[in-house]
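Novice: sequence first, predicted coordinates after that:
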Amino acid sequence: MQLPTVPTHQPRLKVFDRRQALAVHSAALEILEKFGVQMAHAGARDLLLANGARLYDEYWVRIPAHMAEAALRSAPRQILLYNQMGERAMALRDDHFYFGTGSDTTFTLDLESGQRRPCVLADTGRFARLVDALPNLSFAMSMSNPRDVPNMDFIYVQAFAEMVRNTNKPMVFIADRLEDMALIHQIACAVAGGEEALRRKPFLLNYSEAISPLRFPENVVDKLIFCARKEVPICLPSGSNAGGGAPITLAGAMALGIAENLAGLVIHQLTQPGAPFLFGPNVSALDMKSAVVSYGCPEWSLTQAALADMRDELYGLPIWSFAGATDAKTVDAQAGAEAMFSITTAMLSRCNLIHDVGYLEYGSTSSLEMVTLADELIGMARHFTAGIPVNPATLALDALERVKDAGAKGIFLTDDHTFDHFESALFLPDLLDRSRYDTWQAAGGPDLYRRSNDKVRRILAEHNPAPEKEAALLQQINQLLEAAR
């Protein structure tokens, strides 16, 4: 009898059904039509008014539903990101998911002392080089807000250049203002081989933010319009965190955040129809005791799973999300628990671009060890969410027959089937310890933090991005930085 090959069922988390998704979407459209947004940017305000929006109360603009619906139809259903060699690296769409680090931490845990200290520019390079080496991280962000740069007005430009020097993977970058954006774009064009080459094969995506509730500062809109015109992929989440910038109820916070995203999308698509836009607000929760926006709470994982449902039911656009972060101050049991919870739920809900891997202290502190640990946790969750393949090879009846025929000496450990399949069938950890007690004790009894620290040290000592950047390119980048200073 020929055993059939059955398509693998991959576990999936759903939070919203279609009726709930439509209710939240309708509420978001009502927010735009009834309350509107505060639009400080005169050019964007005129653009909105020329296309059907209505002005009231000086800078406030009401946006009718048909403009939001048209922008949703105009935006692409897929965003392709390439590595810096021009090779396709990330296809942001449907159920494809990719993990990477975060940005803008004020502090980091020192690799040598383990102590919390202010970030410096070299930390940006170390994180980028680590990401370049880790198999489960697809893109890099700066992971620091360095305090030692020569010109603080161009801190983001210098951080971007440091990432370019230390990784060839795609990058998500921050810019404070239009001047930052223009300089970063010049560096990116130099890396890609020209503006047209970068437009065809972008290796970068901009992260910017509106201000909840419903405020769009001029510098934010400047960057949005620049990215639309240059077709640089962008995401524009707002801080619609429950109890802070948004209502305490998650449905209300999501409706507000989606309304803000839709307003940004309308401006973006009116500027350049079809330009790539990554959808999704940040909807976490303001902790009622500490007044911090939590990175370890279940609410953020819940809202981004619901956002994935809205993508599938209504929008079709790839979405922005987070995982692998924690409110813990050190790499401890709380850090591991919160990171694994958000990693697994982000993967189960099939979010697309998943950032903030390696954050400690609600995004204030970064940790090389935490990034390395999270990389392994992502691998573990990836193994789980892949499901169980069912086919003649995995049902292994031939192997069972051989072991049975071998009699008392029969054992699956020595059968060829085990050697042929163990690497694909099993999750094989590197950091998570499964050794026998005496083996662990003989190695000095290292805990998970120590093992993670050792792995980071090895990678930073041995790994260099391949291929290396050409000297002429690095010199060109240095000349652009000198001009910025």
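Specialist: Yes, it's here. Numbers count the residues shown, from 1 in each chain.

Novice: contacts and neighbour counts: CA atoms only from here.
Specialist: Noted.

Novice: skipping its backbone neighbours, what lies nearest residue 285 in space?
Specialist: Closest residue to residue 285 apart from its sequence neighbours, by Cα to Cα, 6 or more residues apart in numbering: residue 242 at 4.5 Å.

Novice: the one you found contacts residue 284, correct?
Specialist: Yes. Counting by Cα atoms under 8 Å, residue 242 does reach residue 284; the two are 6.1 Å apart.

Novice: those two: which is more packed in?
Specialist: Neighbour comparison, residue 242 and residue 284: the larger count goes to residue 284, with 28 against 24 (by other Cα atoms under 10 Å).

Novice: how is the protein divided into domains?
Specialist: By the record's domain assignment, the chain is partitioned as 18-72, 76-209+282-385, 392-425 (automatic domain parsing).

Novice: straight-line length of the second one, end to end?
Specialist: What it means is domain 76-209+282-385. 27 Å (Cα to Cα, to the nearest Å).

Novice: equivalent analysis for the first one, please.
Specialist: In domain 18-72, first residue to last residue: 17 Å (Cα to Cα).

Novice: how far away from the center of its chain is it?
Specialist: Centroid separation for domain 18-72 versus its chain: 27 Å, with Cα atoms, centre = their mean, to the nearest Å.

Novice: equivalent analysis for the shortest one, please.
Specialist: With Cα atoms, centre = their mean as the basis, the distance from the averaged C-alpha position of domain 392-425 to the chain average is 40 Å.

Novice: after the helix or strand residue 299 falls within, next one along is what?
Specialist: Using DSSP states H and E, residue 299 sits in helix 298-310. Per DSSP H and E, the first helix or strand lying C-terminal to helix 298-310 is strand 320-322.

Novice: what packs against that following strand?
Specialist: Here strand 320-322 touches helix 333-348, strand 353-355, going by 3 or more Cα pairs under 8 Å, 6 or more residues apart in numbering; DSSP states H and E.

Novice: can you tell me what sits against it?
Specialist: For strand 320-322, contacts defined as Cα atoms under 8 Å, 6 or more residues apart in numbering pick out 235, 237, 278-282, 304, 342, 346, 351-357.

Novice: go through it and flag the buried ones.
Specialist: 320, 321, 322 (16 or more other Cα atoms under 10 Å).

Novice: now do stretch 375-387
Specialist: In stretch 375-387, counting by 16+ other Cα under 10 Å, buried: 375, 376, 377, 378, 379, 380, 381, 382, 383, 384, 385.

Novice: tell me the spacing between the second one and residue 485.
Specialist: Pointing back at residue 376 there. From residue 376 to residue 485 the distance is 40 Å (Cα to Cα).

Novice: okay, the helices and strands packed on strand 320-322 in CSV with mean pLDDT and distance to residue 85 next?
Specialist: Below are the helices and strands packed on strand 320-322 laid out as CSV (pLDDT from 0 to 100; distance: least, Cα to Cα, whole Å):
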stretch, mean pLDDT, distance to residue 85
helix 333-348, 98, 27
strand 353-355, 98, 20
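
Novice: point out the most buried one among the ones you listed.
Specialist: Of all the helices and strands packed on strand 320-322, strand 353-355 carries the top mean neighbour count, a mean of 25, counting by mean count of other Cα atoms under 10 Å.

Novice: what does that one contact?
Specialist: Under Cα under 8 Å, 6+ apart, the answer for strand 353-355 is 92, 97-102, 318-323, 346.

Novice: going by neighbour count, which of these comes out on top?
Specialist: residue 323 (33 neighbours).

Novice: residues in contact with that residue?
Specialist: Counting by Cα under 8 Å, 6+ apart, residue 323 touches 99, 301, 339, 342, 343, 346, 354, 355, 356, 357.

Novice: returning to what we had before: between the helices and strands packed on strand 320-322, which one is closest to residue 86.
Specialist: strand 353-355 (19.2 Å; Cα to Cα).

Novice: residues of stretch 43-50 that come out buried?
Specialist: So for stretch 43-50, counting by 16+ other Cα under 10 Å, buried means 44, 45, 47, 48.

Novice: circling back: what angle do the helix holding residue 299 and helix 333-348 make?
Specialist: 10 degrees (axes from the mean of the first three to the mean of the last three Cα atoms, to 10 degrees).

Novice: I'd say residue 485 and residue 152 touch.
Specialist: No. The pair formed by residue 485 and residue 152 falls short of the contact definition of Cα under 8 Å, at 9.2 Å.

Novice: so where's the chain uncertain?
Specialist: Along the chain, the model assigns pLDDT under 70 to residues 1-3.

Novice: still on that earlier bit, now the helices and strands packed on strand 320-322 as TSV including distance to residue 419?
Specialist: What follows is the helices and strands packed on strand 320-322, written out as TSV (distance: least, Cα to Cα, whole Å):
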stretch	distance to residue 419
helix 333-348	29
strand 353-355	34
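
Novice: which one of those lies closest to residue 132?
Specialist: Between those, strand 353-355 lies closest to residue 132; by Cα to Cα that is 15.1 Å.

Novice: tell me the helix or strand right after that closest one.
Specialist: Following strand 353-355 in sequence, per DSSP H and E, is strand 359-360.

Novice: strands paired with that next one, and their directions?
Specialist: Strand 359-360 pairs in its sheet with strand 365-366 (antiparallel), by DSSP bridges.

Novice: same for the helix or strand just after the partner strand, what does it pack against?
Specialist: Later in the chain than strand 365-366, the nearest helix or strand by DSSP H and E is helix 368-385. Packing partners of helix 368-385 (3+ Cα pairs under 8 Å, 6+ apart): helix 333-348, strand 359-360, helix 448-462.

Novice: what sits up against the last one?
Specialist: Translated: helix 448-462. 111, 126, 129-130, 133, 331-332, 368-370, 372-373, 431-433.

Novice: tell me the secondary structure at residue 191.
Specialist: Here residue 191 is helix, with the state taken from DSSP: H, G, I helix; E, B strand; the rest coil.

Novice: just checking, it touches residue 160?
Specialist: No. Contact criterion Cα under 8 Å: residue 191 and residue 160 do not qualify, at 11.8 Å.

Novice: what's the angle between the biggest helix by length in the chain and helix 298-310?
Specialist: Across the chain, the longest stretch assigned as helix under DSSP state H is helix 250-271. Helix 250-271 runs at 50 degrees relative to helix 298-310, counting by the same axes, to 10 degrees.
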